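# Here you go, sequence then predicted model.
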Amino acid sequence: MALNPTEPKWSLRLPADCSIAAIRNVYDLIREAFGRQDRLEIDCSSVDKADVTSIQLLLSTAKTGAAQGRPVVLTSFSQSLRNTLRRAGFASEAMIDQHFPQKKDGT
Amino acid sequence: MSAMDPTEVFRQEASELFEVLEGALLDLGQRPDDRELVDSAFRALHTIKGSGAMFGFDKVASFTHEFETAFDRVRKGEIKPTQELISVALAAKDYIRALIEEPQTTDDIIGEGILDDLKRFVSSDQPASPVAEITEAPSLAPGERKQAGWHLHLEFESHILRNGSNPLDLLEDLCKLGPCFVVPITDGVPFLDEMEPEDCYLKWDVKLHAACDKDAIDDVFMFVQDEMKLTLSPLEHVEAPPAPLFQLLDEEPVPAAMVEMPAPAVEVAPALVVEEPAPKSEIKREAPPVVRREEAKREERGIATVRVQAERLDELMDRVGELVIAQARLTQLASAGSDLSIKMIAEEIERLASSLRDTTMGARMVPIGSLFGRFRRLVHDLSRDLSKPVEFVTSGEDTELDKTMIECLADPLVHLIRNAIDHGIEDSATRAANGKTEQGRIELAAVHSGAQVLVTVKDNGGGLNTARIRAKAEEQGLIAAGAAHSDHEVHQFLFHPGFSTAQTISALSGRGVGMDVVKRTIENMRGSIDLSTQPGQGTTVTLRLPLTLAIIEGLLIRVGEGRYIIPLSAVEECVELTAEDERSRGRNFLNVRGNLVPFLRLRELMTASGRPDKHQKTIIISTGETRVGLVADQIIGNHQTVIKSLSKLHSDVTIFSGATILGDGTAALILDVAQLVAMAQSKVEKHHISEAA
């Protein structure tokens, strides 16, 4: 998994495994992407293994982006990621929107 | 530096958890009503399961899960943990250990058999433990407000995810108790640069709208209660329970409006509203929040620990040893010269080397409790196999010893405990006939005594049969028939190779192999062993051990041209050999304040050349209660002694336990105190026999 060459150069597709077993790699990747770009779009469509660490990493990425004035948007949440968010208490779209800056389809 | 293999880290952690699990199961055999023990066993099992799954030990995770499920009736307090059940649970623990450490030796059929046994035992209807019975909630007084649920604040230790625990599973379990309103608290999530991605930063506030017992909530968090802060306070007075605000995954998604909607009819307990002071009338009703986790444990976790491979500690100790030797050479050179600044630097380096030595030795110290824990299983199994109920009591588990010493001590202690149960403790009928309790008792204790650690194995059995030992010694020609020997001297024959008074040979003992090996092992560790017994009351075996095997404080002496080291821990005092003592040549006894102490002339022993010094010195050494004098030409002084093993070529030379390098680069031999004392005692015995003749 790396920056997606077929997507705009600021887009990053998360790997299938974003659980604690692989979260360090995902973390390094996001930091690397952050170091290179002013804005970041994270594609979450391939995530099929997520847990508390994945949620925290996305929250931290959004928080860091907001603090540095560098836009971060998350796109295409997979069903697996949505389930994990719901289990963690991010039970509604409104709540997810509040914590995770999402780019909805067509927007 | 190479990173440790994660599976190896799991194996090490699992090994510690097995000790906890085994300890809890064994304690449960003694105290079947102790819920804390059941919880402790379950926590260990749960962590093994979680971590096993995380590190790819799927068989471990699957078997442990089955084990947990089968044992669940015990956890719920529905059945009592009987001895049979504990034995099967211990077998299950052994099987999990084998799955982790030696998977090639395991067989699924064995695992299935153990699980079948476990299920069979837990499915039999046994009376529930009275403590574990569910108590009914007290009825409410008229006018008292009804509790409508609980407010929970969940805060986990940062490392909890690394242990394989999953807070989301816990939230799900919680929501099985009733409708839950879960709010994640994201304030603690740091910026990317400050983040450790495997740490847990999220916290949760949960409103549980169910009038369930607090124990039910405790059960949800029982596996992680030491790794979290759980604040509980009751919710009171609800007019209408809100719709479920948190749902399981297989249920329909929660509509957004419901989640966002506050629950207006719910009066939140004042403890929740930290910022807004509650009215006084409410404060009186307020139940104190239950904070689960003792302060002590919090502090305990505050101490950072690092796992280090044992070989690295050994390497570090070797380097420190070399440094100490080099420092001794520097000190000697500096003192021979007249350069004041070199002398000052030498003194500074001496101070630093000494401090580094102490720190390094401290890092190698391990609490002896890690060793003691192993014997509980041994006692449990022997007690069952020999049908002798035995209570096993340990004390001084915090006493620290060098890790090498701990490893060396395991086998001798196994021998001593086996002997104590097999020979020492009488069978129940004999004990009852002698007016003793049916259950025997074995105490294993450790205590610091100066630069030594005393480890004692004490039983309350029948004591040693001195007459039988004497008869056996006479039969084997070790002593002349009817020769005068104190009981203490007679008991020492138990340490002779091949000496056994057991009338039958069992799988455990009776072949006369064991006590001599124990003695040799302890003496190889520069320790000593002592026996004391009281007929009908029991026997105590005391092991005296130095704190470390690597570097010791020694007394440097000169005999002729050679220099030798005596371990300072064995030295009692130094006295001058008087002319009167000199005249006693042939008798070799020294009068020390009215007590006769046998002495050995080291010049004779070492066949030293040249004339002896005019004023010879005697160093009084002791092992246990036995004192012996060693006559030397000169006492040079204290010496930090880095112990080097003797080559195999010198393995037959018994009076030396090792060698060291002195400041001038020459070698000095370290005297083996135990051997010298034994040699002096043997001379005394010969003297007695010749006098009697």
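Thanks, I have the structure now.
# low-confidence ranges in the stretch 301-450 of chain B?
For the stretch 301-450 of chain B, the stretches flagged by pLDDT under 70 are B:301-304, B:450.
# let me fix that: chain A
Looking at chain A by pLDDT under 70, you get A:1-10, A:103-107.
# at 80 instead, please
Chain A contains residues with pLDDT under 80 at A:1-10, A:91-95, A:97-98, A:102-107.
# Can you name the residues of it that neighbour chain B?
With Cβ under 8 Å from any Cβ of the partner chain as the criterion, chain A meets chain B at residues A:20-21, A:23-24, A:26-27, A:30-31, A:34, A:51-53, A:55-57, A:59-61, A:63-64, A:67, A:83-84, A:86-95, A:99. Every C-beta, even on glycine, is put in place using the N, C-alpha and C of the backbone.
# Can you say which of those residues are buried?
Among the residues of chain A next to chain B, those buried by neighbour count (16 or more other Cβ atoms under 10 Å in any protein chain shown) are A:20-21, A:23, A:26-27, A:30-31, A:34, A:51-53, A:55-57, A:59-61, A:63-64, A:84, A:86-93, A:95, A:99.
# Mind naming the longest helix for chain A?
In chain A, taking DSSP state H as the definition, the longest helix is helix A:52-68.
# tell me what it is packed against?
The contact analysis (3 or more Cβ pairs under 8 Å, 6 or more residues apart in numbering or on different chains; DSSP states H and E) places helix A:52-68 against strand A:17-18, helix A:23-36, strand A:40-43, strand A:72-75, helix A:79-87.
# For the shortest one, what is the distance to the chain centroid?
On the basis of Cα atoms, centre = their mean, to the nearest Å, strand A:17-18 sits 11 Å off its chain's mean C-alpha point.
# Show the end-to-end separation of stretch B:559-577, please.
14 Å (Cα to Cα, to the nearest Å).
# ok, and for it, which residues are buried?
By 16+ other Cβ under 10 Å, the buried positions in stretch B:559-577 come out as B:559-560, B:562-571, B:575, B:577.
# got TSV for those residues, with pLDDT, distance to chain A and secondary structure too?
Shown next, in TSV, are these (pLDDT from 0 to 100; distance: Cβ to the nearest Cβ, whole Å; DSSP: H, G, I helix; E, B strand; the rest coil):
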residue	pLDDT	distance to chain A	secondary structure
B:559	93	63	strand
B:560	90	66	coil
B:562	91	61	strand
B:563	92	57	strand
B:564	94	57	strand
B:565	93	52	strand
B:566	92	56	strand
B:567	87	50	strand
B:568	87	51	helix
B:569	81	49	helix
B:570	84	54	helix
B:571	89	56	strand
B:575	87	67	strand
B:577	80	71	coil
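# does chain A sit close to the helix or strand residue B:9 falls within?
In this structure, residue B:9 sits in helix B:6-30 according to DSSP states H and E. No: counting by Cβ under 8 Å from any Cβ, no contacts exist between helix B:6-30 and chain A, the nearest distance being 9.8 Å.
# Mind giving me the packing neighbours of that helix?
Applying 3+ Cβ pairs under 8 Å, 6+ apart, one finds that helix B:6-30 contacts helix B:35-54, helix B:83-101, helix B:369-385.
# burial measure for the closest residue to residue B:392 other than its chain neighbours, as a count.
Distances taken as Cβ to Cβ, 6 or more residues apart in numbering or on different chains place residue B:379 nearest to residue B:392, at 4.2 Å, with adjacent residues excluded. By the criterion of other Cβ atoms under 10 Å in any protein chain shown, residue B:379 has 21 neighbours.
# do the same with residue A:14
Neighbour count for residue A:14, taken as other Cβ under 10 Å: 25.
# Kindly report the same for the one 5 residues further on.
Other residues within reach of residue A:19, judged by other Cβ under 10 Å, total 20.
# quick one, what contacts it?
By Cβ atoms under 8 Å, 6 or more residues apart in numbering or on different chains, the contact list for residue A:19 reads A:49-51, A:53-54.
# Count the residues that sit near the one residue in the stretch 551-693 of chain B that gets nearest to chain A.
Nearest residue of the stretch 551-693 of chain B to chain A, counting by Cβ to the nearest Cβ: residue B:551, 40.8 Å away. Using other Cβ under 10 Å, residue B:551 is surrounded by 20 other residues.
# So which helix or strand of chain B has the lowest pLDDT on average?
For chain B, using mean pLDDT, DSSP states H and E, the weakest element among its helices and strands is helix B:256-260, scoring a mean of 32.
# what helix or strand does residue B:151 sit in?
Here residue B:151 is assigned to strand B:147-156, by DSSP H and E.
# name the helices or strands packed onto that strand?
Where contact means 3+ Cβ pairs under 8 Å, 6+ apart, strand B:147-156 is packed against helix B:167-175, strand B:203-208, helix B:214-221, strand B:228-236.
# Specify the angle between that strand and strand B:203-208 in degrees.
With axes from the mean of the first three to the mean of the last three Cα atoms, to 10 degrees applied, the angle from strand B:147-156 to strand B:203-208 works out at 160 degrees.
# ok and strand B:147-156 relative to helix B:214-221, angle-wise?
Going by the same axes, to 10 degrees, strand B:147-156 makes 30 degrees with helix B:214-221.
# buried residues in strand B:147-156?
Across strand B:147-156, burial judged by 16+ other Cβ under 10 Å covers B:147-154, B:156.
# Which single one of those residues is nearest to chain A?
Taking Cβ to the nearest Cβ as the measure, chain A lies nearest residue B:156 of those, at 9.1 Å.
# For that closest one, which residues are in contact?
Residues near residue B:156 by Cβ under 8 Å, 6+ apart: B:165, B:167, B:200, B:203, B:224, B:227-229.
# swap in residue B:490?
Residue B:490 neighbours (Cβ under 8 Å, 6+ apart): B:466, B:469-470, B:473.
# got it, and residue B:372?
Neighbouring residues of residue B:372 by Cβ under 8 Å, 6+ apart: B:394, B:397, B:444, B:446.
# quick one: the last one and chain A, what's the gap?
Noted for residue B:446: a distance of 40 Å to chain A, by Cβ to the nearest Cβ, to the nearest Å.
# a strand runs through that residue, doesn't it?
Yes: counting by DSSP: H, G, I helix; E, B strand; the rest coil, residue B:446 is part of a strand.
# OK, contacts around it?
Per Cβ under 8 Å, 6+ apart, neighbours of residue B:446: B:368, B:372, B:395-397, B:399, B:401, B:453-456.
# of all those, which two lie farthest apart?
Across the contacts of residue B:446, no pair lies farther apart than B:395 and B:401, at 15.0 Å, counting by Cβ to Cβ.
# Domains of chain B: list them as residue ranges, please.
Annotated domains of chain B cover B:6-123, B:147-302, B:310-363, B:366-546, B:551-692 [automatic domain parsing].
# Might you calculate how far the third one sits from the centre of the chain?
Spelled out, that is domain B:310-363. Put simply, domain B:310-363 sits 31 Å off its chain's centre (Cα atoms, centre = their mean).
# Next: stretch B:425-436.
Centre-to-centre, stretch B:425-436 and its host chain are 31 Å apart (Cα atoms, centre = their mean).
# ends of it, how far apart?
The first-to-last residue distance of stretch B:425-436 comes to 11 Å (Cα to Cα).
# and what of stretch B:577-591?
Across stretch B:577-591, the terminal residues are separated by 10 Å (Cα to Cα).
# I'm done for today, thanks for sticking with me.
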